[in-house]
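Visitor: give the three-dimensional model of this entry:
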Amino acid sequence: MEQKDLDQKDLKVLRHSAAHLTAHAILELYPDTLLTIGPATEEGFFYDILPAKNLKEEDLPKIEAKMHEISNQNLPIEHKQISKEEARKIFAHNPFKLELIEQIPGDTVGLSIQGNFRDLCKGGHVPSTKDIQHFKLTGLSGAYWKANRENQALERIHGTAFYTKEEMDEYEKKREELIKFDHRRLGKQLDLFSFHDEGVGFPFYHPKGKKIVNILVEYMRILHKENNYQEIGTPILLSDELWHRSGHYAYYKENMYFTCVDNQSYAVKPMNCPGSFIVFNTKPRSYRELPLKLAEFGLVHRHELSGALHGLFRVRAFTQDDAHIFCTLDQIEEEITVILKIVFQVTQKFNFQEVELNLSTKPAKAMGTDEMWEKAIKSLKNALNKFNIPYSIQEGEGAFYGPKIDIKIQDSMKRKWQCGTIQLDFFQPENFDLNYVTPQGTFERPVIIHQAIYGSIERFFGILLEHYKGDLPFWISPMQAKILTITDDQKEYAQKINLALLHAGIRSYLNETSDPINAKIKFAQNERIPWMIIIGKKEVENNTVSLRTLEGEQQNNIPLDELIEKAKKLNKF
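Guide: Numbering: from 1, shown residues only. As a prediction, the model looks like this:
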């Protein structure tokens, strides 16, 4: 197989083949295992299995060794179509495969064959097992058959594969870096947050972690204030009739939490949108009020599968930095321009160098007139063009209720994350009977722009930790400065310095232990504190301080006023 100029499709072929190799090895080692499905993914592949006895992480090297053994056998990988009747005989022992056979249209199904291993498959493989050489099994997690928690619980084995040793080595190097700077690991090291069996999937914020969340919220509040947003708050618990009306019940029922109050069914909100619509409808609205921008830092709950939970990246309760902008069709372009301006302010503030924008247009089935869609899409394009940043158009991939812009950021480890989204909505104004009075005295439906910049504050927090590898910038660091005395003789002066810094709004802390200064510095470095303010006999005599940064730079004999002024500049939003 040609190793050069391989596109993403080729890589998916290899990884799909590696998933089959994994399943082949598992059956040789654990013959009583039932196989389900094993697709390629963007990062690698997985295979969902039902083993007679659950696998453990320590089993992965043994499976990998068996995979290499099969690879070296150079078994041809064949694919053919067989009758469903023949397929039922081959997989008579496997209810998962039998269910899939019945769901495949037509009278035949695909069968993949390598040696004595056979699997139900659409096709798309490398020619031989020998072509699968550079792979790694990366972990185990839980899953459910067809991602439905009411179905059989399964084990998911994850892996990845590459065509060359160089690509595999690069992946391993990156993986080591990812493990080292995993936000869950950093969260524990820096005492920011934790997870507990008493609330699986729900983050517990420690004081320093909560401080970071509050700073993220405060920064966004300032941007909102500068752009005429108004903040609201809506209940976490709302009648489930509301979720039927909004349409969320039909799509999110399996991911929602329900309870009963006064014999009435309530749902814990999975989204903030309906609460904002209710606020809009509390009184008649005039065109003079539009655009009306209602922002909310709303806590939402979604029941994620336990196997999908992943630190702050995938939780069961998170805070969305939502805003809902109620406007006219003619106001869309200006409002999208304002939102994009905020997006670029945020990405620059957090030093995300690469921003990718995708515009999704009208799908085959859509509500609203062609004229409405054309005008809306033109407005989005005009707003995007003002920023002179390339964007891609995803034809027909908008939601049925309106076009959208997805925003992806690239972190310091070259990973892309979708956080922000800007979604136009023609459906909910109709659904919730939202109106405003026009200059002519008639009633019109507003257009709703759903806006999220962070997306999930929890997820954004986790991304930031890994992006900065734990070394958060001064302005967002929960503890900005630690005062370290060389001897106990400087404690009284150090207390005055600490008090002055606190009064100036600097998050300062005085280390009052009698440890040696080198130990104090090392401890502060382990806490990833940006500034270490060192005070010795000379600093007391000169009424100054010495500053050592986390990067190891040092400035001696700085007047306190100068230090405070420097900190205030760094703290400016």
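Visitor: where does pLDDT dip in this protein?
Guide: 1-9 (pLDDT under 70).
Visitor: kindly list the longest helix within it.
Guide: In the chain, taking DSSP state H as the definition, the longest helix is helix 8-29.
Visitor: so which elements touch that helix?
Guide: With contacts defined as 3 or more CB pairs under 8 Å, 6 or more residues apart in numbering; DSSP states H and E, helix 8-29 has these neighbours: strand 34-35, strand 45-50, helix 60-72, strand 108-114, strand 117-120, strand 134-144, strand 153-162. C-beta here means a position set from N, CA and C on the backbone, and glycine is covered the same way.
Visitor: figure out which of those is closest to residue 171.
Guide: For residue 171, the closest of the helices and strands packed on helix 8-29 is strand 153-162, at 6.3 Å, according to CB to CB.
Visitor: if we can go back for a sec, out of the helices and strands packed on helix 8-29, nearest to residue 87?
Guide: Per CB to CB, nearest to residue 87 of those: strand 108-114, 4.9 Å.
Visitor: next, the residue lying closest to residue 309 once chain neighbours are set aside: phi, psi?
Guide: What sits nearest to residue 309 in space, not counting adjacent residues and going by CB to CB, 6 or more residues apart in numbering, is residue 201, at 4.8 Å. Dihedral pair for residue 201: phi 90, psi 0, per degrees, to the nearest 10.
Visitor: follow-up on the earlier one: mind listing what's buried along the longest helix of the chain?
Guide: For helix 8-29, a neighbour-count test (16 or more other CB atoms under 10 Å) marks 11-28 as buried.
Visitor: could you pull out the strands for the stretch 351-500 of the chain?
Guide: Taking DSSP state E, counting those that start in this stretch to define them, one finds strands in the stretch 351-500 of the chain at 354-360, 391-394, 404-410, 416-425, 436-437, 443-444, 447-456, 481-485.
Visitor: nope, the stretch 151-300 of the chain is what I meant
Guide: Under DSSP E, counting those that start in this stretch, the stretch 151-300 of the chain gives strands at 153-162, 193-194, 204-205, 230-231, 237-239, 257-261, 264-268, 292-301.
Visitor: where along the stretch 451-573 of the chain do the helices fall?
Guide: Per DSSP state H, counting those that start in this stretch, the stretch 451-573 of the chain carries helices over the ranges 457-467, 491-503, 517-526, 537-542, 560-571.
Visitor: just the CA trace of the second one, in PDB.
Guide: This file holds the C-alpha atoms of helix 491-503, laid out as PDB (Å, rounded to 0.1, in the frame of the first residue of the first chain):
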ATOM      1  CA  LYS A 491       7.100  38.800  58.900                       C
ATOM      2  CA  GLU A 492       5.700  42.100  60.200                       C
ATOM      3  CA  TYR A 493       6.800  44.000  57.000                       C
ATOM      4  CA  ALA A 494       5.500  41.100  54.800                       C
ATOM      5  CA  GLN A 495       2.100  41.300  56.500                       C
ATOM      6  CA  LYS A 496       1.900  45.000  55.500                       C
ATOM      7  CA  ILE A 497       2.900  44.200  51.900                       C
ATOM      8  CA  ASN A 498       0.200  41.500  51.800                       C
ATOM      9  CA  LEU A 499      -2.500  43.800  53.100                       C
ATOM     10  CA  ALA A 500      -1.600  46.500  50.600                       C
ATOM     11  CA  LEU A 501      -1.700  44.000  47.700                       C
ATOM     12  CA  LEU A 502      -5.100  42.600  48.900                       C
ATOM     13  CA  HIS A 503      -6.500  46.200  49.100                       C
END
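Visitor: which helices and strands sit right next to that helix?
Guide: strand 481-485, strand 508-511, strand 531-535, helix 560-571.
Visitor: run through the residues that contact residue 362.
Guide: Taking CB atoms under 8 Å, 6 or more residues apart in numbering as the criterion, residue 362 is in contact with 373, 377, 396, 398, 403.
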